[in-house]
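Visitor: got a sequence here, can you model it:
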Amino acid sequence: MTVARPVLLLDLDDTLVPDVPAARRAIADTLRGCALPDTVAAVDTVLAAVREAWRAEPGREHPELAQVSSWEALWVDFAGLEVPARLREHDRRAWRLALSRLSAAAPSADRVADRMAVLFRARRAELTRPLPGVPGRLAELAARHDLWLVTQGCRTLQRRKVELAGLTPFFARIFVTAELGFAKDDPRFAAALRAELAGRPVHLLVGDSARTDLALAETGGWPAVHLCDPSTCQEISRPTVRHAPDFTSATAQCAQYAHCAH
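Guide: Numbers count the residues shown, from 1 in each chain. Next up is the predicted model:
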């Protein structure tokens, strides 16, 4: 009788690939590419502006976009989604607002914003690389487990990130919240995973978000490793959660055995 291999549930953003740090770096590079200050304060100003623009965007309530962050909305391919056509110009509107917040408005502001939109999309894609040690560790884990990716966001963008990072071959299954219709912290997402597991054991869930990843692990009844600074983490008291600073240390035992001590 064939014994089903155990499953590891793995988050994507800031677990396997950089998200927030990559967004900040891409913004800084975009500012520099347009001869604008690329200071930490300038990047913060841009992030605040794009957050304001995204919150004001009526189309963001579309189910496909419910879990998309404001900085991700700057490089989503809206043309590939069945969403309002207005969203295809969202990034340019957001960059125009950012320019005004930077006090960089000028007669050519529309042209500059268009250039910034193009530069950011290209640079953000270039920065979608695996975090250090991730490909090698995934290869080790895949030798003894089935790896299931559980990621929050828009289906086209999340799957594109996996492809850009070269991680697609490692995963037996990929689950994107927009495809299932539920956020990761919604009990229905855990229920959908349990149905797909059909009784197979989950040895570990690894992710960086207490709000979504740890909530998913708790709802599913699965052990978890929270990627964080263990010395300052506010979730340190959770009995079924371990804490680790990065993905490779979080999965060290799993890479050697077909089970994960926790």
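Visitor: and Glu179, how far from Pro245?
Guide: Using Cβ to Cβ, to the nearest Å, we find Glu179 at a distance of 31 Å from Pro245. Heads up, the C-betas are built off the backbone N, CA and C, glycines and all.
Visitor: looking at the two, which is more packed in?
Guide: When Glu179 and Pro245 are compared for neighbours, Glu179 comes out ahead with 15 against 12, by other Cβ atoms under 10 Å.
Visitor: go ahead and name everything in contact with the strand or helix carrying the more buried one.
Guide: Using DSSP states H and E, Glu179 sits within helix 177-180. Contact with helix 177-180 is made by 63-67, 151-155, 158, 183-184, 188-189, 192, as judged by Cβ atoms under 8 Å, 6 or more residues apart in numbering.
Visitor: of the residues you listed, closest to Val43?
Guide: Comparing the contacts of helix 177-180 against Val43 with Cβ to Cβ places Gly153 closest, at 21.5 Å.
Visitor: quick one: the closest one from Arg137, how far?
Guide: 23 Å.
Visitor: equivalent analysis for Arg121, please.
Guide: From Arg121 to Arg137 the distance is 29 Å (Cβ to Cβ).
Visitor: just Ala244 next, same as before
Guide: 12 Å.
Visitor: the two: which is more packed in?
Guide: Ranked by neighbour count (other Cβ under 10 Å), Ala244 and Arg137 place Arg137 first, with 23 against 16.
Visitor: for that one, which non-adjacent residue is closest in space?
Guide: Ranked by Cβ to Cβ, 6 or more residues apart in numbering and with sequence neighbours excluded, the top spatial neighbour of Arg137 is Thr248, at 4.9 Å.
Visitor: surely the one you found and Pro135 touch.
Guide: No - between Thr248 and Pro135 there is no contact under Cβ atoms under 8 Å: 10.5 Å.
Visitor: now the strands for the stretch 51-200 of the chain?
Guide: Secondary structure of the stretch 51-200 of the chain by DSSP state E, counting those that start in this stretch: the strands cover 146-151, 173-176.
Visitor: deepest in the core, which of those strands is it.
Guide: strand 146-151 (a mean of 22; mean count of other Cβ atoms under 10 Å).
Visitor: do you have the helices of the stretch 101-250 of the chain handy? List them.
Guide: 109-126, 134-142, 155-164, 177-180, 187-197, 215-220, 247-250 (DSSP state H, counting those that start in this stretch).
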